[in-house]
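Q: Just a sequence and a predicted model for now, questions to come.
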Amino acid sequence: MADVDYGRVIYLVLLLAVVGSWVFVQNRQGLGKTVQQLAIWAFIFLGVIAGYGLWDDIRSTVQPRQSVVSGTGQIEVPRSSDGHYYLTLDVNTVPITFLVDTGATAVVLNAKDARRAGIDPDDLAYLGRANTANGEVRTAQVWLDSVSLGSATDTNFRAWVNQGELDQSLLGMSYLQRWSSIEIRRGSLVLTR
């Protein structure tokens, strides 16, 4: 509470008192109606706050997710609202969400996802270099024990850890080329083994 600006708080309380008084004076003939309208606005305000707080849950419920088509060896991934495709793979038995990037040569983990997969980015030798849209970054080669998507599991898989800023881990062609078919069908990315 040491960072509270008491002058601003007093100003806002006085402003609220003045506006509230004006509303009641203007509507003194229909005080019951005014209270009813205030209650409606309070419920609308609470509804907006609840919707904002639950938006991620609502969006994840409504938005389609990747699905494994049984018996066909296919994975169907719907296009995200931002126009990209995201796949969640189990890397060393930990689920990690990747941005599908056909322009990337390899699988690249950001530092946060590398830690989740049991790799300490601080102990790596960043000897590699990669050219990105933001310039050159240093990378370290790592070997992943397992990479699984649906029933398809690859072991002893080579990937890279990015030393620079990378918001989302990238799923590049070194993984995608292991699938016999990659196609975009009706807005969905379909992988077939």
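A: Nice, I can see it. Numbers count the residues shown, from 1 in each chain.
Q: Which parts of this protein are strands?
A: 67-69, 74-78, 86-91, 94-100, 108-109, 128-132, 135-149, 152-162, 169-171, 181-185, 188-192 (DSSP state E).
Q: which of the ones you listed sits most buried?
A: Highest mean neighbour count of the strands of the chain: strand 108-109, a mean of 26 (counted as mean count of other Cβ atoms under 10 Å). Where you see a C-beta, it was placed from the backbone N, CA and C, and this is true even at glycine.
Q: Residue 141 reaches residue 158, doesn't it?
A: Yes - assessed by Cβ atoms under 8 Å, residue 141 is found in contact with residue 158 at 6.6 Å.
Q: OK, contacts around residue 114?
A: Residue 114 sits next to 120, 121, 142, 161 when contact means Cβ atoms under 8 Å, 6 or more residues apart in numbering.
Q: Distance to residue 21 and pLDDT added to those residues, as CSV?
A: Formatted as CSV, those follow (distance: Cβ to Cβ, whole Å; pLDDT from 0 to 100):
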residue, distance to residue 21, pLDDT
120, 62, 91
121, 60, 89
142, 67, 93
161, 62, 92
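Q: Can you tell me which of these is nearest residue 8?
A: residue 121 (42.9 Å; Cβ to Cβ).
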